[in-house]
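Visitor: 3D, please:
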Amino acid sequence: MVKVESQIKNRAAGATKLIEAELKGKIVEYSWNLKRNGYAESTITTYSYLLKWFVKRKADLNNPDSIKDIIAMQRGWSLGRKRNAVKAYDLYTKMNGIKWTKPKYKPVDKLPFIPTEKEIDSLIGGCCRQMSTFLQVLKETGARRGEAFNLKWEDIDFVSNRLRITPLKGSKARIFKMSDKLLIMLHSLQYLSKNKQRIWNYRNLFYLDKGFRRMRKRTAHKLGNPRLTMIHFHTLRHWKATIEYARTKDLLHVQKLLGHHDIKNTMRYVQLVDTSEEERFISKVALNVKEAAELIELGFEYVTGEYDDGGKLFKKKNLSYLGSWSTPGGSWSSMD
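Guide: Prediction:
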């Protein structure tokens, strides 16, 4: 195996070198073609980066075998990441009239990792101001990273405390009510920002991802919790959907929250809820109208009438076993 890999590396090192200007032009043309064909900005950034990554490793973009070898040698890559690399190069071959047989990388279907809310908040607290705000947006909305990255200041309504999500991948637009925490974080960013349009200072998703991985690793080491390294941007989308389904048992609610057109995509999240647990409740007693109103605002339900002491009983499901759930804002309405 070592001998074979050595031969592959030698062959890759001897591959035809494209002139730097020509290479840059090819990738720019590739990116533009993706844009013309309606690909999402996040996809364009990822695929273009992969082409540059191939070249840095002495791969010949005009030689499919060279690309196959490079992908096959990446032991630390998941099957999903290898499949994305194949997709990126496949589009390049189609644009340049290159024939090749795509290698088959089919990711193993497994349920995603769901962290506790405490772990998510610990990660948010360990990041810089920009990144922590970005993560808080993902936590409260369940948005895709590209949707959150595309947010502009015009999408933030500081008067009504609402945030508008412009969809990707054919999803539906959504509006979310922000928590006080997120509102303060965004106010702080806006006060310090010199850009009157874009919220985030990261040049593109590649630099956002790179910065996140660095901060995540540092925070996990500092807190002594390796589980934090398992949290990705999309993990917060899974977490939000799981918590909302556990709270409401309403699949249509979760479908609209995520912006899914097809409810089949939403049903995946039902599997993440542990239904073997018996329902647990937190009970509270309200002694007057004001206390009753406060409990209702916190999601408690009225149970029964007055007792001898004059109190009225309220209850709410306890979802602490799903990550110390608490109301983080993030109510929504669909914009069909």
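Visitor: for the stretch 201-336 of the chain, give me the ranges with low pLDDT.
Guide: 269-281, 304-310, 317-336 (pLDDT under 70).
Visitor: mind redoing it with 90?
Guide: Flagging of the stretch 201-336 of the chain using pLDDT under 90 yields the residue ranges 203-207, 241-336.
Visitor: ok, now how distant is residue 207 from residue 200?
Guide: Residue 207 is 10 Å from residue 200, where distance means C-beta to C-beta, to the nearest Å. For the C-beta atoms, the positions are set from N, CA and C on the backbone; glycine is no exception.
Visitor: more crowded one of those two?
Guide: Ranked by neighbour count (other C-beta atoms under 10 Å), residue 207 and residue 200 place residue 200 first, with 22 against 13.
Visitor: so that one lies in a helix, does it not?
Guide: No. Looking at residue 200 with DSSP: H, G, I helix; E, B strand; the rest coil, it is coil, so not inside a helix.
Visitor: distance of it from residue 70?
Guide: Counting by C-beta to C-beta, the separation of residue 200 from residue 70 is 31 Å.
Visitor: over to residue 37?
Guide: Taken as C-beta to C-beta, the span from residue 37 to residue 70 is 25 Å.
Visitor: these two: who's more crowded?
Guide: Neighbours were counted for residue 37 and for residue 70 using other C-beta under 10 Å; residue 70 has more, 21 against 10.
Visitor: give me the phi and psi angles of the more buried one.
Guide: Phi and psi for residue 70, reported as degrees, to the nearest 10, are phi -60, psi -50.
Visitor: name the residues of the strand or helix carrying residue 296 that are buried.
Guide: Using DSSP states H and E, residue 296 sits in helix 289-297. For helix 289-297, the neighbour count (16 or more other C-beta atoms under 10 Å) marks 292, 295 as buried.
Visitor: same thing with stretch 32-46?
Guide: Across stretch 32-46, burial judged by 16+ other C-beta under 10 Å covers 34, 39, 40, 42, 43, 44, 45, 46.
Visitor: helix, strand or coil for the residue lying closest to residue 52 once chain neighbours are set aside?
Guide: Nearest in space to residue 52, with sequence neighbours left out and distances taken as C-beta to C-beta, 6 or more residues apart in numbering, is residue 27 at 6.3 Å. Following three-state DSSP, we place residue 27 in the helix state.
Visitor: what pairs with residue 301 across the strands?
Guide: Beta-bridge partners for residue 301, by DSSP bridges, are residue 315.
Visitor: what is the neighbour count of it?
Guide: Around residue 301 there are 12 other residues, counting by other C-beta under 10 Å.
Visitor: wait, it sits on residue 315?
Guide: Yes. Between residue 301 and residue 315 there is a contact at 5.8 Å, judged by C-beta atoms under 8 Å.
Visitor: residue ranges for the helices of the chain, please.
Guide: Under the criterion DSSP state H, the chain contains helices at 2-13, 20-36, 41-56, 64-72, 79-96, 117-125, 129-141, 145-149, 180-192, 205-223, 233-248, 251-258, 263-266, 289-297.
Visitor: show me what the last one is in contact with.
Guide: Spelled out, it's helix 289-297. Residues from elsewhere that reach helix 289-297 (C-beta atoms under 8 Å, 6 or more residues apart in numbering): 284, 286, 302, 312, 314.
Visitor: could you find the closest non-adjacent residue to the fourth one?
Guide: Counting by C-beta to C-beta, 6+ apart, residue 286 is the residue found nearest to residue 312 once chain neighbours are left out, at 5.0 Å.
Visitor: residue contacts, that neighbour?
Guide: 292, 294, 295, 311, 312, 314.
Visitor: and the two most separated of the residues you listed?
Guide: The span of the contacts of residue 286, defined through C-beta to C-beta, is set by 294 and 311 at 13.9 Å.
Visitor: residue 217 touches residue 229, doesn't it?
Guide: Yes. Here residue 217 reaches residue 229: they are 6.4 Å apart, a contact under C-beta under 8 Å.
Visitor: what is in contact with those two at once?
Guide: When contacts are counted by C-beta under 8 Å, 6+ apart, residue 217 and residue 229 have no shared neighbour.
Visitor: residue 132 is in contact with residue 185, isn't it?
Guide: Yes. Residue 132 is within contact range of residue 185, at 7.0 Å (criterion: C-beta under 8 Å).
Visitor: looking at these two, which is more packed in?
Guide: Each of residue 132 and residue 185 has its neighbours counted (other C-beta under 10 Å); residue 185 has more, 21 against 18.
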